[in-house]
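**Student:** Sequence and predicted structure below; questions after.
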Amino acid sequence: MDNRLPHNSREGILYGCIIAGISSFLIGGYNVFDIRGYSIDRFGEFLMDYVVIWPAIFLIAFVLAAFFVERIAGMVVGRFAAPGDSVNARLAMNTIVCVLMMSAILSFAGGLAGESVGFLMGGPSVDVTGLADNWPKVWPRNFCIAFWVEMLVAQPAARAVMVRMHAPHVRQSAGPAEED
C-alpha cells in the first residue's frame with residue numbers, strides 16, 4: 001500500500017477534507033475577491049465576507065468530490081490507465097480528471113452558493129442566467145487555477161498528512177534494525 005494515500009474510509013475522509021478545504025479556500029477565495037471587485041486596500045473586508053461564504057463552498061466541494069467526482073474519476077483512471085502504470089501516473093490522471101470535473105461544476109455551483117449566501121446577507125438577488133452566461137469565461141480560468149492549487153498545494157499537503165499518519169505503522173512493521 002502506498003503510504004501517501006488513505007488506507008481506510010476514516011483516512012479517506014480526512015484526505016478529502018484537507019484537499020477540499022485548501023482548494024475551496026484558495027480557489028473560492030480568489031473568485032470571490034475577483035468577482036466582487038475587492039482591492040488590496042479592502043482585503044480585511046474581503047476576508048470578513050469570505051469567512052461567511054467559505055463553509056458553504058467547502059461543504060459543496062467536499063460532498064461533490066466524495067460522492068460523485070471521485071467515483072467517476074476512479075472509473076476513468078481504471079479504463080484508461082495501463083496495468084503497468086506507476087502510482088504517480090495514476091495519481092496525476094486522477095487529479096486531472098477530478099480537477100476538470102470539479103472546476104466545471106463549481107464554476108457554476110460555487111457562484112450560485114456564493115450569491116445565495118450574499119443574498120441572505122442582504123446583497124443583490126441571485127442571477128442564475130448571469131452565472132450561466134459567464135460560465136464559459138470563468139471555467140477555463142478556474143481549471144487553470146485549480147490544477148496548480150491541486151498539484152502544488154492541496155494534494156501534496158494531504159499526502160504529507162497521510163505519510164505522517166502512516167509513519168508509526170511503517171516503523172513498527174520494519175521491526176528493529178539488525179545488529180552486525
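**Tutor:** Good, I have the coordinates.

**Student:** so how far is the lowest-mean-pLDDT helix or strand in the chain off the chain centroid?
**Tutor:** For the chain, counting by mean pLDDT, DSSP states H and E, helix 29-35 ranks last in confidence among helices and strands (a mean of 81). Put simply, helix 29-35 sits 16 Å off its chain's centre (CA atoms, centre = their mean, to the nearest Å).

**Student:** Show the secondary-structure elements that that helix is packed against.
**Tutor:** Here helix 29-35 touches helix 43-64, helix 87-120, helix 128-149, going by 3 or more CB pairs under 8 Å, 6 or more residues apart in numbering; DSSP states H and E. In this view, the C-beta of every residue, glycine as well, is placed from N, C-alpha and C.

**Student:** Just the CA atoms from the last one would do, formatted as CSV, please.
**Tutor:** Just to be clear, that refers to helix 128-149. Extracted in CSV, the C-alpha atoms of helix 128-149 (Å, rounded to 0.1, in the frame of the first residue of the first chain):
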residue,chain,number,x,y,z
VAL,A,128,-28.7,32.4,-12.4
THR,A,129,-28.7,33.4,-16.1
GLY,A,130,-25.7,35.7,-15.5
LEU,A,131,-23.8,32.8,-13.9
ALA,A,132,-24.7,30.6,-16.8
ASP,A,133,-23.6,33.3,-19.4
ASN,A,134,-20.4,33.9,-17.5
TRP,A,135,-19.5,30.2,-17.2
PRO,A,136,-17.6,29.8,-20.5
LYS,A,137,-15.3,32.6,-19.4
VAL,A,138,-14.9,31.6,-15.8
TRP,A,139,-14.4,27.8,-16.2
PRO,A,140,-11.1,27.8,-18.1
ARG,A,141,-9.6,30.2,-15.7
ASN,A,142,-10.8,28.2,-12.7
PHE,A,143,-9.5,25.0,-14.3
CYS,A,144,-6.0,26.5,-14.6
ILE,A,145,-6.1,27.9,-11.0
ALA,A,146,-7.5,24.6,-9.6
PHE,A,147,-5.0,22.5,-11.5
TRP,A,148,-2.0,24.3,-10.0
VAL,A,149,-3.5,24.6,-6.5
